[in-house]
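S.K.: sequence and predicted structure, then a few things I'm wondering about:
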Amino acid sequence: MVSVKCQSNKLEEILSKNLPSTTGFRGFENLGPYTPSNFAGRGMKHAAPVEYASKNIRVNAIDPTSVETPIGKAFLESMPDKELTKAVVTASNALPGLPQPCEVVSACFFLLSYEARYITGHTLPVDAGALSRIAGEA
């Protein structure tokens, strides 16, 4: 497994703009418009591997939980009760805290590696166990 040290704001920027999230697996309160777009993304992730396999192109996805990116930090800072908001956001994860962008990048590197050459058509949740929790349970 590749280990990545995050020292680049560019990685955080890429992650915050180009990855879907665990809302592609289940709905979350107050994320009405965001959730269906992620479900649509999952549909594309299921169709693309079938379309491109004959060209030896693998298609996989990473769906993270909330990640400590600049957008995530700005969101927390914009809330009236920052501590309560952070507690609510992190409570959806089974593991404590929020993943760092470099932890999501490590999962991407794995899917791009030789070891993953026969993995296609899958979504890897980097979710700190969030999808293991029952909806609404904290």
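M.R.: Ah, there it is. Numbers count the residues shown, from 1 in each chain.
S.K.: beta partners of the residue nearest the centre of the chain?
M.R.: Of all residues in the chain, the one closest to the mean position by CA atoms, centre = their mean is residue 64, 1.6 Å from it. For residue 64, the beta-bridge partners under DSSP bridges are residue 126.
S.K.: can you tell me the SS state at the residue lying farthest from the centre of the chain?
M.R.: Centroid-distance maximum for the chain: residue 54 at 27.6 Å, with CA atoms, centre = their mean. Under DSSP: H, G, I helix; E, B strand; the rest coil, the three-state class of residue 54 is helix.
S.K.: could I get the contacting residues of it?
M.R.: By CB atoms under 8 Å, 6 or more residues apart in numbering, the contact set of residue 54 is empty. Backbone N, C-alpha and C define where each C-beta goes, glycine included.
S.K.: relative to residue 133, how far out is it?
M.R.: Using CB to CB, to the nearest Å, residue 54 is found at 39 Å from residue 133.
S.K.: now do residue 85
M.R.: Taken as CB to CB, the span from residue 85 to residue 133 is 18 Å.
S.K.: what is the burial count for residue 105?
M.R.: 21 (other CB atoms under 10 Å).
S.K.: would you map the strands across this structure?
M.R.: 61-64, 123-126 (DSSP state E).
S.K.: nearest to residue 101, out of those strands?
M.R.: The closest of the strands of the chain to residue 101 is strand 61-64. By CB to CB, the value is 9.0 Å.
S.K.: which helices and strands sit right next to that closest one?
M.R.: With contacts defined as 3 or more CB pairs under 8 Å, 6 or more residues apart in numbering; DSSP states H and E, the packing partners of strand 61-64 are helix 34-52, helix 101-112, strand 123-126.
S.K.: if you set the cut-off to 7 Å instead, what comes out?
M.R.: helix 101-112, strand 123-126 (3 or more CB pairs under 7 Å, 6 or more residues apart in numbering; DSSP states H and E).
S.K.: among those, which is nearest residue 33?
M.R.: strand 123-126 (20.7 Å).
S.K.: I'd like to know which elements the closest one is packed against.
M.R.: Using 3+ CB pairs under 7 Å, 6+ apart, the elements in contact with strand 123-126 are strand 61-64, helix 101-112.
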